[in-house]
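Engineer: below: sequence and its predicted model.
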Amino acid sequence: MVVVAFALLGVRVVQVQALNGDVYARRAVAQSLHRSDIPADRGSVFDRNGRDLALTVRRSTVYADPTYVLDPAGTAEVLAPVLGVDRDFLVGQLSDRRFRFRYLARTVSDRVQAAVRALKLPGIGFVEEPDRSYPAGPLAASILGRVGGDPPGSAVGIEGLYHDLLTGTPGRIEVEVDPGGKEIPGTRRVAIPARRGSDVVLTLDEDVQWQAEHSLIDQVTATGAAGGTAMVVDLRDGDVLAVASVRGAGGRGATAGPYDRNVALTDLYEPGSTMKVVTLSWALQHGRVGPQTTFEVPDRFTVPGAEEAYRDAEPHPTERWTTTDILRESSNVGTIKIAQRLTNAEMGAAQRAFGLGRRTTITWPGQSNGLLTDPGEYYATGRFSAAIGYGAAVSAAQMLGVFATVANEGVSRPLHLREAIVDPDGRRRVDPVPSGRRVVSRATARTMTAMLRRVVGAGTGACAAIPGYAVAGKTGTTKKQVDGVYTSSKIVSFIGFAPAARPRFATIVVVDSPADPHLTGGVVAAPVWSEIMRFVLTRAGVAPDDPADGQFAAARRRSAEKGVGCDVPHGPALEALLAARTPAASRIPKRSAGAGSTASLDSVPSPTR
Amino acid sequence: MSATARVALAPARPEARHLRVVGDPVARRRVVVLPIVVVVVSAFLLAGFWAAMAQSAVRIDSLERTRDTEQLRYQRLREEVARLASPAAVTAAARRFGMEPAPRTEFISVPRAAPRPEPTDAAPVSLATDRYLRAKPALGRDR
């Protein structure tokens, strides 16, 4: 019997150890093996100076083990005000004994965590979770976007565009543990560290971004506008230093954002008189006019085949204006007379040569090509409407590109928003600066620059003048089209560059639907432009090219003659303005122009200025 | 059979069977004790080794926790620095101290430096001028 018993035992031992040894070994390891995933930290987003615009920080999440919670209602009563969470929600979580882990509040602040810990409540614990932080708050929100919204894990803006780069590779750790959960020394240990995501370095300058948003927000608030956008670019390399998108609130305090909409790149508008730079540059380039070519300019003019006359913004007697005067006074009639010296094909070619009708070189989701009328469909008035900025839908970034080309002596200056990628090993891979192409000759660009200086020194853009610097720029004011119909609302803008003698920065400011429809780009957008550029130039330490304030003094005289104030109200001045505003003056913001908003091809537009 | 053959075939004497060569008792004890000592020492060494390993595991665990804590502290401080250095925070702090934005920017014009006279044989070159002239070619180079 004993022999048989030992024989059976021997057979079983052989079966367990030899024949099925691997299987049992695997089961044993599986029972004792503890596997943990190591989450990878998301990469940071930096501005050009290495300042954190977005970073990931681990914060405490408060959870409950309901099996240890003695008094769910009482615990919820105490926790609700500390966590800022609905009491009924907490009661539900704390009473659900089917699970031993229930979230109460995720990624709370250190202060809240300390307060909860001090309560010493049974069954309440903490785990750490990564949380995305934007230290400057809503600054550059429309560029940075956000991560983890709705649906969870989704991302917009830079966070969405470079999501794959920013997201790291999770690691894992496998150890054999004893029944108490302690690692057994000397046993198998597999540790694959998490690889954090790459960092993205933007060309943005946090301070310039703040100034752009600050100036624009206050002006949008002061004018009761529906919104606005501003963009600043360094002409040396096409670096975008700031892109501000602002939402109005009917004159009750505009805000930066929204997170998912970068107005300067995705929204289209009719540029109005700023397009005259394209028309005149092409006419100069092809020798159809010179800066001193004289035209007889009445205040209204009907082109053959048109049903209505084109008009200038303000009535005036018939003048003999040079090309420079026409630009300075932003005369529609004068520009149309110049456009009569161009063909339809040339007008269309001019717009495309300056980069309109195709996406900018900035990588951005949802960026539109813009809408240009085919020259073959200009019919009677299309060329002339195009010449003064109607019948075309462009983005603010595209229009800034036009002026950057003029400032860059006729060579386009492709814009870009990403400066470099820093991989997890710390290697910095700098994005190559895209090269430009010649659009107009150096002589044409210089002539146009000189003409644009007159716009600020003695024309419609007087409020853009900056003490110490000579400025070249152009105003734009267009009627806003909603659902194919022109409304009384206006889109006003100013685009320019400085110092005019050696251009270093170019900026565009567009304000959507100021409450007073009589306000123009020279009154609303130019002061914002001036304030932003004054900051940018002095911050960059750019030497003044007009230390005697010649242009500034002349521009201020012109503003005084016209009775125009050129200051953006801030702080107490803005508060006083808002307090004095009658309720009737405030208005519900209207829809801003979106993609597809464009003029009808044969419409005869209202004056632009 | 000769007498010689008889002697040769004679059996060994019975008293010779009780005699044998015995080993050194000390050496014999060594043979027994030494393996025991080796086993015991090895067991102690092994136990010590395992204890050291366990200690190291605990130490590694502790260091990892310290590292995590310090990383967390670094992240929090970095966030705090970024928050305090943000333009909005700096502006708010400046306003609390009673500072206001400058109404305008003032520029300081520095008069141009007078041209340095060329050294002549008659006038001895000063040490400073000599150093300047030697350094000047390098100053103008593009870098």
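Structural biologist: Arrived safely. Residues are numbered from 1 along each chain as shown, chains lettered A, B, ... in the order given.
Engineer: do the lengthiest helix in chain B and chain A meet at all?
Structural biologist: Of all segments of type helix in chain B, defined using DSSP state H, the longest is helix B:25-85. Yes. Helix B:25-85 comes into contact with chain A (CB under 8 Å from any CB of the partner chain), by way of B:50, B:53-54, B:56-57, B:61, B:72, B:75-76, B:78-79, B:82-83, B:85. All C-beta spots, glycine's among them, are computed from the backbone N, C-alpha and C.
Engineer: check which element follows that helix along the chain.
Structural biologist: helix B:87-96 (DSSP states H and E).
Engineer: show me what that next one is packed up against.
Structural biologist: Where contact means 3 or more CB pairs under 8 Å, 6 or more residues apart in numbering or on different chains; DSSP states H and E, helix B:87-96 is packed against helix A:206-223.
Engineer: average pLDDT for the helix it packs on?
Structural biologist: Helix A:206-223 shows an average pLDDT of 95 in the prediction.
Engineer: give me the helices and strands touching it, please.
Structural biologist: strand A:227-234, strand A:239-247, strand A:255-256, strand A:505-512, helix A:521-539, helix A:571-580, helix B:87-96.
Engineer: which one of the ones you listed has the poorest average confidence?
Structural biologist: Among the helices and strands packed on helix A:206-223, strand A:255-256 carries the lowest mean pLDDT, at a mean of 82.
Engineer: who's in contact with it?
Structural biologist: Residues outside strand A:255-256 that contact it (CB atoms under 8 Å, 6 or more residues apart in numbering or on different chains): A:138-142, A:213, A:217, A:244-247, A:249.
Engineer: give the pairing partners of it; include direction for each.
Structural biologist: Counting by DSSP bridges, the strands paired with strand A:255-256 are strand A:239-247 (antiparallel).
Engineer: what's the offset of the strand it pairs with from the middle of its chain?
Structural biologist: Relative to its chain's centre, strand A:239-247 lies at 5 Å (CA atoms, centre = their mean, to the nearest Å).
Engineer: now A:D199: phi and psi?
Structural biologist: Backbone torsions for A:D199, taken as degrees, to the nearest 10, come to phi -90, psi 150.
Engineer: wait, it sits on A:F46?
Structural biologist: Yes. Using CB atoms under 8 Å, A:D199 is in contact with A:F46, at 6.2 Å.
Engineer: what about the nearest residue to A:Y24 once chain neighbours are set aside, which SS state?
Structural biologist: Nearest residue to A:Y24 in three dimensions, chain neighbours excluded: A:V16, at 6.3 Å (CB to CB, 6 or more residues apart in numbering or on different chains). Following DSSP: H, G, I helix; E, B strand; the rest coil, we place A:V16 in the helix state.
Engineer: where are the low-confidence patches of chain B?
Structural biologist: Scanning chain B with the threshold set as pLDDT under 70 gives B:1-17, B:114, B:116-129, B:131-132, B:134-143.
Engineer: same thing but 90
Structural biologist: B:1-34, B:57, B:61, B:64, B:68-69, B:71-72, B:76, B:100-143 (pLDDT under 90).
Engineer: residues of chain A that sit close to chain B?
Structural biologist: Counting by CB under 8 Å from any CB, the residues of chain A that sit close to chain B are A:51-52, A:55-58, A:110, A:128, A:133, A:135-137, A:139, A:183, A:185-186, A:206-207, A:210-211, A:214, A:467-468, A:534, A:538, A:544, A:547, A:570.
Engineer: buried subset of the residues you listed?
Structural biologist: Burial by neighbour count, judged by 16 or more other CB atoms under 10 Å in any protein chain shown, picks out A:51-52, A:55-58, A:133, A:135-136, A:139, A:183, A:185, A:206-207, A:210-211, A:214, A:467-468, A:534, A:538, A:544, A:570 from the residues of chain A next to chain B.
Engineer: that older thread, distance to A:R558 for the helices and strands packed on helix A:206-223 - can I get that in TSV?
Structural biologist: Output for those, formatted as TSV (distance: least, CB to CB, whole Å):
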stretch	distance to A:R558
strand A:227-234	24
strand A:239-247	28
strand A:255-256	32
strand A:505-512	19
helix A:521-539	10
helix A:571-580	23
helix B:87-96	32
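Engineer: A:E561 belongs to a helix, doesn't it?
Structural biologist: Yes. Under three-state DSSP, A:E561 falls within a helix.
Engineer: residues contacting it?
Structural biologist: For A:E561, the contact set (CB under 8 Å, 6+ apart) is empty.
Engineer: okay, it and A:A462: tell me how far apart.
Structural biologist: Per CB to CB, to the nearest Å, A:E561 is found 9 Å from A:A462.
Engineer: for the stretch 1-150 of chain A, just list every one of the strands.
Structural biologist: Counting by DSSP state E, counting those that start in this stretch, the stretch 1-150 of chain A has strands at residues A:33-38, A:45-46, A:52-64, A:102-108, A:124-133.
Engineer: give me the sheet partners of the third one and which way each runs.
Structural biologist: For strand A:52-64, the pairing partners within the sheet under DSSP bridges are strand A:45-46 (antiparallel), strand A:102-108 (antiparallel), strand A:124-133 (antiparallel).
Engineer: from those strands, which stretch is densest packed?
Structural biologist: strand A:45-46 (a mean of 24; mean count of other CB atoms under 10 Å in any protein chain shown).
Engineer: local confidence estimate at A:S368?
Structural biologist: On pLDDT, A:S368 comes in at 88.
Engineer: so it touches A:S395, yeah?
Structural biologist: Yes. Here A:S368 reaches A:S395: they are 6.2 Å apart, a contact under CB under 8 Å.
Engineer: more neighbours: these two, which one.
Structural biologist: Here A:S368 and A:S395 are compared on neighbour count by other CB atoms under 10 Å in any protein chain shown; more neighbours surround A:S395, at 31 against 20.
Engineer: quick one: contacts for the more buried one?
Structural biologist: Applying CB under 8 Å, 6+ apart to A:S395 gives the contacts A:264-269, A:360, A:367-368, A:370.
Engineer: quick one: those as CSV, columns for secondary structure too.
Structural biologist: Below are the contacts of A:S395 laid out as CSV (three-state DSSP):
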residue, secondary structure
A:A264, helix
A:L265, helix
A:T266, helix
A:D267, coil
A:L268, coil
A:Y269, strand
A:T360, coil
A:Q367, coil
A:S368, coil
A:G370, coil
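Engineer: about what we covered before: now rank the residues of helix B:25-85 next to chain A by neighbours and give me the top one.
Structural biologist: Among these, B:A82 has the most neighbours (other CB under 10 Å), with 22 neighbours.
Engineer: excluding chain neighbours, what is closest to it?
Structural biologist: Sequence neighbours aside, A:P135 is the residue nearest to B:A82 in space, at 3.5 Å (criterion: CB to CB, 6+ apart).
Engineer: the one you found: what's it in contact with?
Structural biologist: Contacts for A:P135 (CB under 8 Å, 6+ apart) come out as A:52-53, A:55, B:79, B:82-83, B:86.
Engineer: one more time with 10 Å
Structural biologist: Applying CB atoms under 10 Å, 6 or more residues apart in numbering or on different chains to A:P135 gives the contacts A:51-55, A:57, A:206, B:78-86, B:89.
Engineer: would you mind measuring from it to A:L574?
Structural biologist: According to CB to CB, A:P135 and A:L574 sit 26 Å apart.
Engineer: next: A:P66.
Structural biologist: 52 Å.
Engineer: tell me how many other residues crowd whichever residue of the stretch 251-400 of chain A sits closest to chain B.
Structural biologist: Minimum separation of the stretch 251-400 of chain A from chain B (CB to the nearest CB) falls at A:A256, amounting to 10.4 Å. Using other CB under 10 Å, A:A256 has 23 other residues around it.
Engineer: over to A:Q15?
Structural biologist: 11.
Engineer: what's the average pLDDT for stretch A:426-436?
Structural biologist: Stretch A:426-436 comes out with an average pLDDT of 91.
Engineer: where does the stretch 251-400 of chain A dip in pLDDT?
Structural biologist: The model of the stretch 251-400 of chain A has pLDDT under 90 over residues A:251-262, A:304-308, A:313-314, A:365-366, A:368, A:377-381, A:391.
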